[in-house]
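>>> show me the folded form of this:
(one chain, ligands or ions: 1)
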Amino acid sequence: MFGLEKIASKIEIPPEGIGADLAIPCFREKPEEVAEKIRGLKNPLFASVAVVGRYVNISFDLNALASVVLGEVAETKAKYGWNADGAGKTIMLEYSAPNIAKPMHMGHARNNAIGHALANIYKANGYTVITTNHFGDWGMSLAKIMLAFQKWGDRAEFEKDPIRTLLGLYVRMTKEIKTAPELEDEARELFRKLEGGDLTLRALWQEFRDISVKNFERVYALFGINFDLWHGESFYEPFIKEAIDEALTKGAAAYGEPDEKGGKPVVVNLDAFKLPSFLLVKSDGASLYSARDIAVGRWRLKEYPQAEKIIYVVGHEQELYLRQIFKTLGLMGYPEEKFKHVSYGVVTLDGKKISTREGGIVFLEDGLKEAIAKTKGIKEVGVGAILYNMLSMGREHDIAFSWEAALSIQGNSAPYIQYAYVRAKAILEKAGTQSPADAYSPILAGSREAYLLKRIAEFPQVVRQAYTLDAPHIIATFLNEFAQEFSRFYDAVPVLEEGAARALRLALVAASAQVLKNGLWLLGIEVPERM
Ligand code: ARG
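Numbers count the residues shown, from 1 in each chain. The predicted structure follows:
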């Protein structure tokens, strides 16, 4: 026999014209048995359950559905679509994590978009979400920028346009190191001094950090993003030594072969797990990015034991690396299964990968401002256009950002969906007050009203699916289809026409506006009041 959950996962919404609202393909089970089970549910919303070939077709009692669903939307409003799956549960969510002394560029938009969307999606599924911005304020790359500033920096230029100046210095350093590798040693020496607490270096570091954080905050303000925790990599410095010691005592790591000076690296061997081995500490005693991440993982588990999942939103180029980190934590006796990498593909702009190292990048703040300018200065539309474009594809796919697609009014864009919302609001404004559910006229199967209603009813399931798969694009795809359905309805049905159907139609429009708004909110996108 089979359980109902197994059936639930198979439910399909058949194409228009099939004469059913839901269909369940039964290729393993006997359709008659499935139909019997469903009839046994005695769901008052089901008008008929019929076997047709290998399918079980279900038709709704559309009038019952209308009064339940439209009533629920009117009652729950901004929380329509939410559920309590995560009640009493907590997740920790790391995202954004830009590096200081470098700009956030258009590539970072995707991380911000996915992270912010997941935070909202988990909240809508009842979870308590703790967001953390694990920004890069430590390490060799930063040391190189500091060194470049000391060597070639111009303070006046820096004060005028700090991040662009530092980016220029970083690009120059990357280039010069190729012919003058001793710069690498100098940077290492600088980093050692910084770690040792050298006052001049500490002050410069603090200055870079403060300026960068201010820059990041301007972008987050445009996105409407907030973090519960702002712990840069440097925050974990004091915990690194104990993390390495613990890895050694628990046998997750071991000393490797000494170098010519007798210094021994600390190595994690993951052969048994078919993962490459890696270093926590180099033979010169310098601890690495990886050692910091071991300290980070321990700290998160210790400080937030209630978190059932700790999600890392990080690009897919760090996938192998994070597997190594999580496995090492597991070998140290920590619950490895709590850690989850939510990865995403590369963003290209004009066909090129966006790379800070090369310098030729579009600053995210400039990109956002350009988007707002391109959308008549309406912030919600400009920012939304970029966000939607970053979210509409499955996150594993690489994407090519295109202004044309992002701003399209033909479909699959934030402006298209927002426009549907604005139209819905305009109708409601014109109509004035609405009538209660008992004034609804009957709905005909196959009518535009029926199709729109079913889409409204589907929304809560979409919200649930998005968190189960950590997949904001499920919301994006739904919203695009929903906006299309709304347009079909709007074009075919004279909503404001006086008559028996008006109350129901207006309620459908009100519910549609709510679904569009709630869905966009899940993606971190706001709705404009006009367009
Ligand atoms: N700042 C890093 C980078 O730009 C990303 C941090 C990823 N998170 C982590 N826990 N390692 O590559």
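
>>> contacts, neighbours, all on C-alpha from now
Fine.

>>> what's the pLDDT at the residue nearest the centre of the chain?
The centroid of the chain falls nearest to Ile114 when counting by C-alpha atoms, centre = their mean (1.7 Å). Confidence at Ile114, expressed as pLDDT, is 98.

>>> so how far is the ligand from it?
From Ile114 over to the ligand the distance is 14 Å, taken as C-alpha to the nearest ligand atom, to the nearest Å.

>>> residues making contact with the helix or strand containing Leu322?
Using DSSP states H and E, the element containing Leu322 is helix 319-331. Contact with helix 319-331 is made by 247, 250-252, 268, 270, 275-278, 290, 293-294, 297-298, 335-336, 339, 341, 343, as judged by C-alpha atoms under 8 Å, 6 or more residues apart in numbering.

>>> pLDDT averaged over that helix - what is it?
98.

>>> does that helix come close to the ligand?
No: using C-alpha under 6 Å from any ligand atom, helix 319-331 never reaches the ligand; the gap is at least 7.4 Å.

>>> can you give the distance of that helix from its chain's centre?
22 Å (C-alpha atoms, centre = their mean, to the nearest Å).

>>> check stretch 522-531 too.
Worked out by C-alpha atoms, centre = their mean, stretch 522-531 lies 17 Å from the chain centre.

>>> would you map the strands across the stretch 51-200 of the chain?
For the stretch 51-200 of the chain, the strands defined by DSSP state E, counting those that start in this stretch cover 55-60, 90-94, 128-132.

>>> looking at the ones you listed, which is buried most?
Mean neighbour count (mean count of other C-alpha atoms under 10 Å) peaks for strand 90-94 among these, with a mean of 23.

>>> run the angle between it and strand 128-132 for me.
20 degrees (axes from the mean of the first three to the mean of the last three C-alpha atoms, to 10 degrees).

>>> quick one: strands adjacent to strand 90-94?
strand 128-132 (parallel), strand 307-313 (parallel) (DSSP bridges).

>>> the ligand: which of the ones you listed is closest?
Among those, the nearest to the ligand by C-alpha to the nearest ligand atom is strand 307-313 (6.5 Å).

>>> follow-up on the earlier one: ok, and what's touching whatever helix or strand comes next after the helix holding Leu322?
Next helix or strand after helix 319-331 toward the C-terminus (DSSP H and E): strand 339-342. Contacts to strand 339-342, defined as C-alpha under 8 Å, 6+ apart, come from residues Lys309, Ile310, Ile311, Tyr312, Val313, Val314, Glu319, Leu322, Phe326, Asp470.

>>> got the CA coordinates for strand 339-342 in PDB?
Extracted C-alpha coordinates of strand 339-342, given in PDB (Å, rounded to 0.1, in the frame of the first residue of the first chain):
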ATOM      1  CA  PHE A 339      25.900  22.500   7.800                       C
ATOM      2  CA  LYS A 340      24.600  23.200   4.300                       C
ATOM      3  CA  HIS A 341      26.100  24.900   1.400                       C
ATOM      4  CA  VAL A 342      23.600  26.700  -0.800                       C
END
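
>>> which residues does the following helix or strand past that strand contact?
As assigned by DSSP H and E, the chain's next helix or strand after strand 339-342 is strand 347-349. Contacts to strand 347-349, defined as C-alpha under 8 Å, 6+ apart, come from residues Met106, Gly107, Arg110, Lys353, Ile354, Asp398, Ile399, Ala400, Phe401, Ser402.

>>> which among those end up buried?
The neighbour count (16 or more other C-alpha atoms under 10 Å) marks Met106, Gly107, Arg110, Ile354, Ile399, Ala400, Phe401 as buried among the contacts of strand 347-349.

>>> looking at those residues, which are in helices?
If you go by DSSP state H, the buried ones among the contacts of strand 347-349 have Met106, Gly107, Arg110 in helices.

>>> nearest to Ala156 among those residues?
Closest approach to Ala156 among those (C-alpha to C-alpha): Met106, at 27.2 Å.

>>> for that closest one, give its distance to Thr348.
9 Å (C-alpha to C-alpha, to the nearest Å).

>>> if we can go back for a sec, report the buried members of the contacts of helix 319-331.
Using 16+ other C-alpha under 10 Å, the buried ones in the contacts of helix 319-331 are 247, 252, 268, 270, 278, 290, 293-294, 297-298, 336, 339, 341, 343.

>>> and which of those residues is nearest the ligand?
The nearest member of the buried ones among the contacts of helix 319-331 to the ligand, counting by C-alpha to the nearest ligand atom, is Asp293 at 5.7 Å.

>>> tell me what whichever strand or helix holds the closest one is packed against?
Element membership of Asp293 [criterion: DSSP H and E] is helix 289-303. Counting contacts by 3 or more C-alpha pairs under 8 Å, 6 or more residues apart in numbering; DSSP states H and E, helix 289-303 is packed against helix 237-249, strand 278-281, helix 319-331.

>>> what parts of the stretch 201-350 of the chain come near the ligand?
Asp293, Val314.

>>> quick revisit: most tightly surrounded among the helices and strands packed on helix 289-303?
Highest mean neighbour count of the helices and strands packed on helix 289-303: strand 278-281, a mean of 21 (counted as mean count of other C-alpha under 10 Å).

>>> show me the contact partners of that strand.
Contacts with strand 278-281, where a contact means C-alpha under 8 Å, 6+ apart, come from Ile244, Pro265, Val266, Val267, Val268, Asn269, Ser287, Leu288, Tyr289, Ser290, Ala291, Gln324.

>>> hmm, 10 Å instead?
240, 243-244, 247, 253-256, 264-270, 286-294, 321, 324-325 (C-alpha atoms under 10 Å, 6 or more residues apart in numbering).

>>> after the lowest-mean-pLDDT helix or strand in the chain comes which helix or strand?
The helix or strand with the lowest mean pLDDT-type score in the chain, counting by mean pLDDT, DSSP states H and E, is strand 352-353 (a mean of 70). Once strand 352-353 ends, the next helix or strand along the chain (criterion: DSSP H and E) is helix 364-374.

>>> elements contacting that following helix?
helix 106-124, helix 199-223, helix 379-391, helix 403-407 (3 or more C-alpha pairs under 10 Å, 6 or more residues apart in numbering; DSSP states H and E).

>>> mind listing what's buried along it?
Residues of helix 364-374 classed as buried: Leu364, Glu365, Gly367, Leu368, Lys369, Ala371, Ile372 (neighbour count, 16+ other C-alpha under 10 Å).

>>> what of stretch 178-191?
Leu183, Glu184, Ala187, Arg188, Leu190, Phe191.

>>> now do the same contact list for the fourth one.
In other words, Arg188. By C-alpha under 10 Å, 6+ apart, Arg188 lies in contact with Gly139, Met140, Ser141, Ala143, Lys144, Leu147, Glu182, Leu194, Ala286.

>>> if I look at the last one, how far off is Val314?
Read it as Ala286. According to C-alpha to C-alpha, Ala286 stands 24 Å off from Val314.

>>> give me the more crowded residue out of these two.
Using other C-alpha atoms under 10 Å, the more surrounded residue of Ala286 and Val314 is Val314, with 22 against 13.

>>> tell me who's in contact with the closest residue in space to the more buried one that isn't next to it in sequence.
The shortest distance from Val314 to any non-neighbouring residue, by C-alpha to C-alpha, 6 or more residues apart in numbering, is to Ser343 (5.3 Å). By C-alpha under 10 Å, 6+ apart, the residues touching Ser343 are 111, 114, 311-319, 395-397, 470.

>>> which members of these are classed as buried?
Judged by 16+ other C-alpha under 10 Å, buried ones among the contacts of Ser343: Asn111, Ile114, Ile311, Tyr312, Val313, Val314, Gly315, His316, Arg395, Asp470.

>>> quick one: which of those is nearest Ser67?
Ranked by distance to Ser67 (C-alpha to C-alpha), these are led by Asp470 at 31.6 Å.
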